[in-house]
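> Sequence and predicted structure below; questions after.
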Amino acid sequence: MTRTRTHGFKIGVYHGKTLPEDDKREYKIQRDLFLIGKVKLNFSKENTIKVKIFAYEVPIEEGASRVKCIDLLGYDKDFNIYIFELKRTQGDPLEKVVNQINDYSKKIIKKLDQIESEFKDAFLFQNISFNKACIKKIILAPREYYTQPVNKTYIKKCIRENDILLGYFGGIAKNNETKLRRSGIECININFQR
């Protein structure tokens, strides 16, 4: 049985392969989003939230492999925490991903004090406090992922019953999300399935 991790969450640290060979892998997108550092969640033209990405591939269990890591962690201006789970077009079925992100949410809420402590140390912010009552969950995949028959039928149930946002990259050409990082870009737009 694996134990939940109590330290070493890799907060604010660039780690792993620096130049992934296959730029179509999730870890390439993770690193690009981490280096850009900010995403803008577009719920509507008038309703947007900026989220600062502060960690990627966050291990949540002792001795865990990549499979047991949260893809991205972020926070908004109110210090609500955001868990992002990235998927490729041909990724796991949505129902399986929902179970995965719900499991991560349950585990991380128990470790927010330790993550907050590492955050304060990494970024030299001592007067912050994460909102432990509000963990936001976002599945981030290409828009085409949600149109696959195995996923299409589960979308409404997912949104209604699991309080999970289903996001995709806004303003990025189809199947081109691996080319996120460009010189001078301030943040990446994320739109949502409805």
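Perfect, I can see it now. Residues are numbered from 1 along each chain as shown.

> Give the helix, strand or coil label for Phe54.
With DSSP: H, G, I helix; E, B strand; the rest coil as the basis, the three-state label of Phe54 is strand.

> correct me, but Arg31 touches Tyr56?
Yes. The criterion here is C-beta atoms under 8 Å, and Arg31 meets it with Tyr56 at 6.8 Å. To be clear about C-beta, it is placed using only N, CA and C from the backbone, and glycine gets the same treatment.

> mind listing what the closest residue to Ile81 other than its chain neighbours touches?
Spatial nearest neighbour of Ile81, chain neighbours left out: Ile135 (5.2 Å); criterion: C-beta to C-beta, 6 or more residues apart in numbering. Contacts for Ile135 (C-beta atoms under 8 Å, 6 or more residues apart in numbering) come out as Asn80, Ile81, Tyr82, Ile83, Ser105, Ile108, Ile109.

> for this protein, what are the low-confidence residue spans?
Within the chain, the segments meeting pLDDT under 70 span 1-4, 18-25, 63-67, 171-184.

> For beta bridges, what are the partners of the most centrally placed residue in the chain?
With distances taken as C-alpha atoms, centre = their mean, the residue of the chain nearest its centroid is Phe84 (1.7 Å). Beta-bridge pairing of Phe84 under DSSP bridges involves Leu72, Ile138.

> The closest residue to Lys87 other than its chain neighbours: neighbour count?
Residue nearest to Lys87 in three dimensions, not counting chain neighbours: Ala141, with 4.0 Å by C-beta to C-beta, 6+ apart. Ala141 has 24 neighbours, counted by other C-beta atoms under 10 Å.

> Any figure for the gap between Ala141 and Asp113?
31 Å (C-beta to C-beta, to the nearest Å).
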